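Chemist: when you get a sec, could you give me coordinates for this:
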Amino acid sequence: MLSGDRPIPLAPGLHISIYGSHLGPLAGCQGYADTQHREKPSPLRPKQTVGETLIYPRVLCDTQVFVGGIAADLLWVQDGQINFKVPQETPITGATEVRVVYQGQASRPVTLPLGLPSTILSLETPAAVGMPVWLKVSAFGWDEGIQYPFDIHPANFNCQEVEVRRDGKLLPRMASLATQASGGTPGSGFMCGSLGLRAKSHHLGRIPLHLQYRFDRPGTYEVRYTFRKGTDPAEPPDLQSAWTPIEVLPGSPAERARWLADMAAHAPTDAVGLLTDFLPAIMGVPDEPSLQLLCQYLYHPDTLVRQFAMYGLTYWPDEQSGAAVMQVTRTRGPSDVAVDFLSFRSKLTAAQADSIVESAIPYLLSNSPVVLLGAVTAIDRIALAQDSPAGLDVRARAENALMDAAAHIVSAGDAEIVHTYAMALGMVKDQRAGDLLWDLVNRNLARSQAVIALTWRKSPDDLPKLAALALQPAHGNNLDYTLTSLPYALHRAYGDAALPYLETMLERSEFTWVRTDSARELAIAGRPAGFAFIVDALEHDRPYRTEMLQFVRDSFPELRQSSDAAILSFFQSRAVSPAR
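Modeler: Predicted coordinates for the structure are as follows:
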């Protein structure tokens, strides 16, 4: 029986593994669930996962398991291991006998306790060298909170920590969030959550150990699961299992090749199936066939799938993965994540940058949304970057192609593509790029990004025109956020020349957030009008009063610990009159 440093009680619906010898056939048999019917969970344990209420055969390859005299559902039977599901009729107090019957011969009974333990670990399916290792975590009411993937980085388990040891020694992690994140480590949001999926996962309560640890030798390993909401390792965990042995069977490259071919032949097409099962299963072992298979998903229509596949490339050496991505961009065109991977993971040489940009230019006329986005991204991230290694002639051709393709990009592209296109145009000095951006503004296409991109160009002629946008009628939509970033962008691009325009925007704009952000920039510049607006917000308890107080404490270190009254006094001394 799978057990750790204390006996594991049995409970209704729990998945349990038995280890021994002569338990079943040498080749092994897998039990398949009845897709049309489900069991009713035992009232003694009503909160069960989908997998724990599925119905499996109770006789499999001439093998049966009896728990307290009741036949158990069988998920897997083999000579050395059986995976079964505890019958729903099983009580949760006392003890019971477990017996295996193979080819009519019954084993000696093993007496096991009954109950609801805090956390039990088992392997969802038999594990072997070169194959995925899925750890099943049964925590009674906690299981459905474990919904892998936890974010777009395959090796990031967030608040779920699993330690692995062999022969008493902890194994080092081969991958983590720190090794997979590019362009900085994300730190916002609920760190114990899961990746937002469009549909419910069918794979709950399990964690892919092979994405953090290398199981390259057969034998017995020990694992321990810990859940901790806080970041302080000295704090007691919210949940922790016992150290539990798992068995990794021998495997060969030939067996992995056959398994990988079968996976590819039966790959799901939906994002949920790919993210929760298929993609994490094929990652972790850095062989060439799985790399080639993974590269296909850099072009999936779903953004999360593409991003997850991109971060999965980090399981391979940079040189190997980089070469594979370069090759697929030549044959299929660029995708946004392929470009991101090539530009973030390694320093591109001039020849590589030229090759990527040159190959991207024809795809600016692609009808594939993924490839069209990739082509615009390639030119934006590589050709137009300030420190671009691309040659001047290649960059010039890319700029011209980007502007020449405007009609197609705007008509064929979705909101994300047009947004990225506006960003790219903001880096082009040619006046045609400015005209195209103004066309986007006037057509209300990616308007917010187009306005900001115009400020990057720092054209003096654009300053009054941009400020005038904030003076247009709000038509009752005073809380519209489209132009919220405009005051900051104007001040950053034009410096003191923008201040008179910001004062006019503060006084006359009908958009609330344009006024609050104009006041911020004016206060930072020491202009009385900005201080006066904040005084008015504090004195009259405007809806944005809290936001203004937070801005003051963030921007004026000397006031960080001051009371609201002290802040008001400070600003009153610098204001001429309250803004209306």
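
Chemist: near C29, how many other residues are there?
Modeler: 17 (other C-beta atoms under 10 Å). (C-beta placed from N, C-alpha, C; glycine too.)

Chemist: that one against W76, yeah?
Modeler: Yes. Taking contacts as C-beta atoms under 8 Å, C29 lies within contact range of W76: 7.2 Å.

Chemist: helix/strand/coil for the residue found closest to L23 once you drop the neighbours it is linked to in the chain?
Modeler: Using C-beta to C-beta, 6 or more residues apart in numbering and skipping residues adjacent in sequence, the residue nearest L23 is I82, 5.2 Å away. Secondary structure assignment for I82 (DSSP: H, G, I helix; E, B strand; the rest coil): strand.

Chemist: which of the helices or strands spans R574?
Modeler: Assigned by DSSP states H and E, R574 belongs to no helix or strand.

Chemist: distance of the residue nearest to it when sequence neighbours are not counted from H419?
Modeler: Excluding its sequence neighbours, the residue lying closest to R574 (C-beta to C-beta, 6+ apart) is F531, at 4.2 Å. Distance of F531 to H419, computed by C-beta to C-beta, to the nearest Å: 35 Å.

Chemist: quick one: contacts for V67?
Modeler: 10, 84, 86-87, 90, 96-98 (C-beta atoms under 8 Å, 6 or more residues apart in numbering).

Chemist: V394: which of these is nearest?
Modeler: F84 (62.6 Å; C-beta to C-beta).

Chemist: what's the burial count for that closest one?
Modeler: 28.

Chemist: with G219 instead?
Modeler: 12.

Chemist: now it: phi and psi?
Modeler: phi 130, psi -170 (degrees, to the nearest 10).

Chemist: again with A178
Modeler: phi -60, psi -30.

Chemist: now it: how far from D430?
Modeler: For A178 relative to D430 (C-beta to C-beta), the value is 41 Å.

Chemist: which one's more surrounded, these two?
Modeler: Comparing A178 with D430 by other C-beta under 10 Å, the one with more neighbours is D430, at 15 against 11.

Chemist: these two touch, right, that one and A398?
Modeler: No. Between D430 and A398 there is no contact under C-beta under 8 Å: 11.8 Å.

Chemist: C-terminal to the lowest-mean-pLDDT helix or strand in the chain, what's the next element?
Modeler: Taking mean pLDDT, DSSP states H and E as the measure, the helix or strand of the chain with the lowest value is strand 239-240, at a mean of 80. The first helix or strand that comes after strand 239-240 along the chain, using DSSP H and E, is strand 244-249.

Chemist: show me the protein divided up by domain.
Modeler: 1-117, 118-316, 332-457, 470-580 (automatic domain parsing).

Chemist: ok, which stretches of the stretch 401-550 of the chain are helices?
Modeler: 406-412, 415-425, 431-442, 447-457, 462-469, 486-494, 499-508, 512-524, 528-539, 545-555 (DSSP state H, counting those that start in this stretch).

Chemist: residue ranges in this structure under the pLDDT threshold?
Modeler: Low-confidence segments of the chain (pLDDT under 70): 1-8, 116-118, 140-145, 182-191, 230-233, 345-346, 576-580.

Chemist: and the residue nearest in space to the middle of the chain, what is it in contact with?
Modeler: Against the mean C-alpha coordinate of the chain, by C-alpha atoms, centre = their mean, the closest residue is I152 at 2.1 Å. Residues counted as contacts of I152 (C-beta under 8 Å, 6+ apart) are 195, 304, 307-308, 311.

Chemist: among those residues, which are in strands?
Modeler: Judged by DSSP state E, the contacts of I152 include no members of strands.

Chemist: and which of those residues is nearest P237?
Modeler: The closest of the contacts of I152, once distances to P237 are taken by C-beta to C-beta, is L195, at 22.9 Å.

Chemist: burial measure for the closest one, as a count.
Modeler: 19.

Chemist: from Q64, how far off is it?
Modeler: If you go by C-beta to C-beta, the gap between L195 and Q64 works out to 40 Å.

Chemist: what about F66, which helix or strand?
Modeler: Remark: F66 resides in strand 63-67, with elements defined by DSSP H and E.

Chemist: chain center to that strand, what's the gap?
Modeler: Averaging C-alpha positions (C-alpha atoms, centre = their mean, to the nearest Å) puts strand 63-67 41 Å from its chain's average.
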